[in-house]
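model the structure of this input:
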Amino acid sequence: MPNIKSAAKRVRVIEKRTERNRQIKSTLRTAVRRFHEAVTGKNMEEADLRLHRALVIIDKAVTKGVIHKNKAARTKSRLTKFLNKNKIAG
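Next up is the predicted model:
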């Protein structure tokens, strides 16, 4: 336990931020999972909507500082590539 008042406050702030980050990451993972489910289910109209939703959530995570912008770019690229590959194959 911190002995100094400012250190105690830092602990409280970190706990709040950790919880917020956990919620944002969970939302992001859920959006990506639902996108993958739509693509593997061959529902391309639904997959397009899910992709757009996932990209928005990824961008929000970057602005909140939860994930790095390069990770976001990489993830968005992979999701788009996955969708396009399955549109051609399907």
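
name the helices or strands packed onto the helix or strand hosting Arg74?
Using DSSP states H and E, Arg74 maps to helix 69-89. If contacts are counted by 3 or more C-beta pairs under 8 Å, 6 or more residues apart in numbering; DSSP states H and E, helix 69-89 sits against helix 5-40, helix 44-63. The C-beta positions use only the backbone N, C-alpha and C, and glycine is treated the same way.

deepest-packed of these, please.
With neighbours defined by mean count of other C-beta atoms under 10 Å, none of the helices and strands packed on helix 69-89 is more surrounded on average than helix 44-63, at a mean of 16.

where does the chain dip in pLDDT?
The chain contains residues with pLDDT under 70 at 90.

residue nearest the centroid of it?
Residue closest to the average C-alpha location in the chain (C-alpha atoms, centre = their mean): Leu28, at 2.7 Å.
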